Each structure stands twice: as C-alpha cells, then as structure tokens.
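>>> Have a look at this prediction, sequence included:
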Amino acid sequence: MNNQIDASIPVLTEVIKPEELLTPAAKTAAVTDELDTDSAVAPINDKANNNYPGKTEEDWQALEQSLRENVLRQVLTRIDFVLEHRIRDNLADVLQIAVANLSTEIRSGLHKTLEEVITRAVTQEITKAKTPK
C-alpha cells in the first residue's frame, strides 16, 4: 500500500477559513452586503453563523457548493488512482493463476497425446514384427 500522502488532499489538521473558500462573486456579494445595510438578502441569525457576521444564506450556499465540488473532485481523483492499482494488482494475480492452470492443462494434454502416439507406434511395430514376410 502507498504510504505517501497526496499533497492535494486536505487533512483534518488544516484550518480553512470560510472567507478563503468563497468564490470571487460570493466575496464581492459579502463585501457589498457588509457595506449596504438595506440589502435584499438578510444575514442568517442562527447560532452556528453568529461567529461570521455579515454572511448571507447565499454566501453559505456558495461555500457549501464549493466545498462539495472540491471534496468530490479530490475523492474521485483518489478513487480512480486506487481502483487502477487494485485492478492492476488483481488482474496480475488472476492472469498468473490462469497461466499456471493453462500450463498444467497443456502439460497434461501433451503427456496423454505422447502416451497415445507412443503406444500406437509400439503396437504397429509389434504387429509388423509378428507378420511373416
């Protein structure tokens, strides 16, 4: 198994600030909302979002969508890598077993064929030897 850590995969010890994950349009909207108190979209006032004043529902949705896309892209990339290696390893094992079984069958068939050919040749020679000239 590969023990190297892929640098593109985030780890749980990284600290990501919500502002860093917002798209440029969402950042502009957030700044505009902070400057414009008569904004059509009011900030969310639940307990979870009180730590980030000025964030709107749209900001949180944009952040959530961005996170989902990033995680999905990273997971799919890693899945492709892992699947490719597992398939390659399993296929190598299957092919090795198939070749071993095939060689055993060929060897067995060759022994049987040689035995039949030799038996027939010996029988023909015996028959020739018994036949008067």
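Ah, there it is. Note that the structure is a prediction, hence the values are computed from the model and not measured.
>>> So what's the residue count around Ala62?
Burial of Ala62 is recorded as 19 neighbouring residues (other Cβ atoms under 10 Å). (C-beta placed from N, C-alpha, C; glycine too.)
>>> same deal with Thr56?
Using other Cβ under 10 Å: Thr56 sits among 20 other residues.
>>> Mean pLDDT per helix and strand in the chain: which one sits at the bottom?
Evaluated with mean pLDDT, DSSP states H and E, the helix-and-strand set of the chain has its lowest mean pLDDT in helix 24-35, which scores a mean of 55.
>>> I'd like the next helix or strand past that helix.
Following helix 24-35 in sequence order, the next helix or strand is helix 57-130 (DSSP states H and E).
>>> For Ile126, give its distance to Ser108.
Going from Ile126 to Ser108 by Cβ to Cβ, to the nearest Å gives 27 Å.
>>> go on, Pro53?
Computed as Cβ to Cβ, the Pro53 to Ser108 distance reads 80 Å.
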